[in-house]
Structure formats: C-alpha cells, structure tokens
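> Generate coordinates for the sequence data below:
(one chain, ligands or ions: 1)
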Amino acid sequence: MPPYRLFGSELSPYSVKVRSYLRYKDIPHEWVVRSQNNMAEFQQHAKLPLIPLLLTPDGASLQDSTPILEHLEAEFPEPSIHPDDPTLEFVSALLEEYGDEWGNKPMFHYRWTYEEDQRSCASRIAAENLPDAEANVLDQVAQGIVQRMVPRLSFVGSSEATRDGIEASFKRQIGALERHLAHRPYLFGERPAFADFGVFAQIYEASTDPTPGHFIEAHTPSVLTWCRRMLDPTCDGPFESWDTLGDTLAPLLHEEVGRTFLPWSAANAKALAAGEESFSVELHGKPFSQQAQKYHAKSLQALKARYAAVADKGSLDPILDAAECRSVLAA
Ligand SMILES: N[C@@H](CCC(=O)N[C@@H](CS)C(=O)NCC(=O)O)C(=O)O
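Here you go, the predicted structure:
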C-alpha cells in the first residue's frame with residue numbers, strides 16, 4: 001500500500017489542491033475517492049467531517065489543505081514551492097490564501113446557484129458517493145444533495161444581492177490571470193508556487209461546471225490550460241523576479257486581494273471580535289453582506305503573522321501599498 005493515502009473528491013477543490021501537490025513532489029500516494037464504501041474508515045480517522053484527509057505513513061491523520069502542504073513541504077523541500085526571495089514568498093502565500101478563502105466563493109456560487117450547474121455537480125457527487133448504485137437511485141440522491149447544498153450558499157455570502165459582485169470578481173480574477181499566464185506556465189515562472197495550488201484549485205473546479213466552465217473556455221484559454229497543467233505540475237525552470245512578474249501580477253493583487261478579499265476578511269474578523277453575527281462591507285462600490293465566519297478570521301490572523309515575520313519588508317511594502325493590501329496585513 002502506498003505510504004500516503006488521500007481521501008478526497010474530484011469535486012472538492014481543496015482535495016484536488018493537495019493531490020496536485022503530492023503529484024508535483026512525486027510523493028507515493030493513493031487517491032481514495034471518499035464514498036459509502038470507505039466512509040467508516042474515513043470517519044475513523046477524520047476529526048472533522050471534511051475532505052481532504054491525508055493519512056501519513058507514521059499513522060497521523062491531517063486535515064486542512066494549507067497546513068497539509070506546509071507539513072509536507074517541511075518533509076519534501078525540493079523542488080521548493082516557495083521562491084527564495086522573501087518578498088515573492090509572501091506574495092505567493094497571500095495569493096494562496098486569496099484562492100482558498102475568496103476564490104472559493106465564485107466557485108461555490110456558480111455551482112449551487114444555477115440549475116444546470118446544480119444538476120451537473122450533484123450527479124457527479126452522487127456517482128462518487130455511491131459507485132454501485134442504479135441510475136434512478138443516483139437521481140434521487142442527487143436531488144437530496146441539491147437540497148442540502150443550496151442553503152449553504154449563504155455561508156459563502158452568495159445571495160441575489162451579492163450575485164453580480166461575486167460574478168464580477170470571478171471575471172476580474174480570471175481576466176487578470178489570463179494576461180499573466182499568457183506568457184508563463186505558472187504564476188511565478190517555470191515551476192508552481194504555493195499560490196498556484198490555492199488559486200488553480202477553485203478555478204479548475206469552476207471549469208468543470210457548466211456555467212463558469214463555458215465562460216472560462218470562451219474567454220480565458222490560458223487559464224484553462226494552466227488549470228489542466230496544475231493537475232500534474234512539473235518543475236520546468238526557475239521562479240522569475242518581481243521585475244518581470246509585476247506588470248501583470250500587480251493588477252490581480254490590487255483588484256482582487258487589496259480591493260476585494262482583504263477588506264472583506266478584515267470586516268469579517270471585526271464583526272466576530274464585536275460578537276456580531278453578520279457584517280456588511282463595501283467592495284468595488286457595492287455592499288456585500290454575509291454571516292461572519294470563524295475559520296476566515298483564524299486564517300487572516302495566520303496571514304498577518306506571516307507578514308509580521310518577514311524580516312526585511314523593504315521591497316515588499318511598496319508592492320503591498322500599491323495593491324492596497326498593507327493596511328489590513330499590518331493592522
Ligand atoms: N479549509 C479546508 C476546507 C475543506 C472543505 O471545506 N472541504 C469540503 C469539500 S471542498 C468538505 O469536506 N465539505 C463537507 C463534505 O463534502 O462532506 C481545507 O483547506 O482543506
């Protein structure tokens with residue numbers, strides 16, 4: 001049996017993210033699609049009912065994709081997913097966080113808002129969960145999945161009122177990425193960085209769903225090629241420097257991280273600290289309201305600690321200032 005076993009789903013961005021990392025590092029592993037056939041084993045090891053779940057050779061069970069990658073990186077440092085330049089290393093970690101925390105919103109929004117997407121995803125999830133079931137049973141199960149998932153749209157802040165804002169953000173994100181990836185195979189050059197794993201996973205999932213998938217195919221072909229490349233990424237050369245990356249990476253940082261994700265995450269943390277159940281924040285001139293979420297406040301704290309730990313911020317701070325990111329990170 002391979003030393004690592006990864007319980008996940010083709011429909012789970014965080015699972016696909018960890019699998020892509022294991023493949024990149026050539027870490028021998030078994031990809032186990034979680035289903036009714038192995039649910040007892042999953043439940044025996046999982047502390048939370050969430051995928052991905054990574055079982056390690058020494059008997060540990062790990063959850064949460066970002067700490068999983070960090071844990072593995074310590075054990076399998078080469079080729080590193082972190083650029084040597086501490087400025088780029090931080091920018092990459094910031095984008096990884098953006099992908100996980102904000103990039104998930106449009107993915108989840110499209111998936112469970114539109115009927116065609118609901119049907120497509122629910123039937124794929126049902127087929128994974130019950131590999132031996134007949135078509136009529138799968139149809140019933142898929143309907144149940146839709147009923148369970150649609151109310152969860154509120155957890156990501158997706159509603160009639162936020163629909164346009166979320167979809168505009170998605171289009172800004174992949175538009176900026178298209179310009180950036182037209183000239184390079186990965187976000188920071190010729191090998192994948194931490195950022196690639198977080199950002200691609202959500203867009204890859206969206207690319208498999210009908211509504212965002214058609215849009216990506218029609219408008220951002222380089223993004224689609226990158227997503228597919230990231231399913232099994234390879235080290236083809238060095239990371240670049242900010243001198244060559246900045247032109248097309250700065251707009252993504254500014255529009256999506258500085259003007260969208262960070263103000264939203266700061267407002268979420270502020271609401272939790274004040275004991276409020278929901279919050280509203282203006283993003284790109286429009287109000288965005290949702291229930292406060294504890295997990296995001298914890299991950300913002302981790303990001304701020306990472307920023308504080310950058311010893312020499314001489315070249316980082318001007319980049320973060322230009323992108324309107326610094327005030328939240330330094331607060
Ligand atoms: N922050 C976690 C998020 C994990 C997560 O939300 N997983 C989802 C699937 S993408 C899940 O397991 N949902 C419950 C379920 O599918 O049963 C990570 O990075 O691993």
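> Need the CA coordinates for the host helix or strand of Asn268. PDB is fine.
Here Asn268, judged by DSSP states H and E, is contained in helix 262-273. Taking C-alpha atoms only, helix 262-273 is exported to PDB below (Å, rounded to 0.1, in the frame of the first residue of the first chain):
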ATOM      1  CA  LEU A 262      -8.700  41.700   2.400                       C
ATOM      2  CA  PRO A 263     -11.400  44.300   3.100                       C
ATOM      3  CA  TRP A 264     -13.900  41.500   3.300                       C
ATOM      4  CA  SER A 265     -11.700  39.400   5.500                       C
ATOM      5  CA  ALA A 266     -11.000  42.400   7.800                       C
ATOM      6  CA  ALA A 267     -14.700  43.200   8.100                       C
ATOM      7  CA  ASN A 268     -15.400  39.500   8.900                       C
ATOM      8  CA  ALA A 269     -12.800  39.500  11.700                       C
ATOM      9  CA  LYS A 270     -14.000  42.800  13.100                       C
ATOM     10  CA  ALA A 271     -17.600  41.500  13.200                       C
ATOM     11  CA  LEU A 272     -16.500  38.400  15.100                       C
ATOM     12  CA  ALA A 273     -14.500  40.400  17.600                       C
END
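> mind listing what's buried in the helix or strand just after that helix?
Using DSSP H and E, the helix or strand that follows helix 262-273 in sequence is strand 278-283. Neighbour-count burial for strand 278-283 flags Phe279, Val281, Leu283 (criterion: 16 or more other C-beta atoms under 10 Å). Where you see a C-beta, it was placed from the backbone N, CA and C, and this is true even at glycine.
> Next, see if the helix holding Asn268 gets close to the ligand.
No: judged by C-beta under 6 Å from any ligand atom, helix 262-273 stays clear of the ligand, getting no closer than 14.0 Å.
> Next, the angle strand 278-283 makes with that helix.
Angle, helix 262-273 to strand 278-283, by axes from the mean of the first three to the mean of the last three C-alpha atoms, to 10 degrees: 160 degrees.
> about what we covered before: with distance to the ligand and pLDDT as extra columns, can I get the buried residues of strand 278-283 in TSV?
Formatted as TSV, these follow (distance: C-beta to the nearest ligand atom, whole Å; pLDDT from 0 to 100):
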residue	distance to the ligand	pLDDT
Phe279	20	97
Val281	21	97
Leu283	22	97
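> what about the stretch 1-150 of the chain, any weak spots by pLDDT?
1 (pLDDT under 70).
> 90 instead, please
Within the stretch 1-150 of the chain, the ranges that satisfy pLDDT under 90 run 1-2.
> Show me which residues of it sit near the ligand.
Ser12, Pro13, Tyr14, Pro49, Leu50, Ile51, Pro52, Asp64, Ser65, Thr66, Asp100.
> Does the fifth one touch Leu62 like I think?
This points to Leu50. No: Leu50 lies out of contact with Leu62 (C-beta atoms under 8 Å); the separation is 11.4 Å.
> Contact partners for the spatially most central residue of the chain?
With distances taken as C-alpha atoms, centre = their mean, Asp100 lies nearest the centre of the chain, 3.0 Å away. Neighbour list for Asp100: Tyr14, Ser65, Thr66, Gly198, Gln202, Ser299 [criterion: C-beta atoms under 8 Å, 6 or more residues apart in numbering].
> Just confirm it is within a helix.
Yes: under DSSP: H, G, I helix; E, B strand; the rest coil, Asp100 sits within a helix.
> CA atoms only for the one helix or strand Ser92 maps to, dumped as CSV, please.
Assigned by DSSP H and E, Ser92 belongs to helix 86-98. What follows is helix 86-98, C-alpha atoms only, in CSV (Å, rounded to 0.1, in the frame of the first residue of the first chain):
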residue,chain,number,x,y,z
PRO,A,86,11.1,36.6,0.8
THR,A,87,9.1,39.3,-1.0
LEU,A,88,7.9,36.8,-3.6
GLU,A,89,7.4,34.1,-1.0
PHE,A,90,5.0,36.4,0.9
VAL,A,91,3.1,37.5,-2.3
SER,A,92,2.7,33.8,-3.1
ALA,A,93,1.4,33.0,0.3
LEU,A,94,-1.0,35.9,0.1
LEU,A,95,-2.4,34.6,-3.2
GLU,A,96,-2.7,31.1,-1.9
GLU,A,97,-4.9,32.4,0.9
TYR,A,98,-6.9,34.5,-1.5
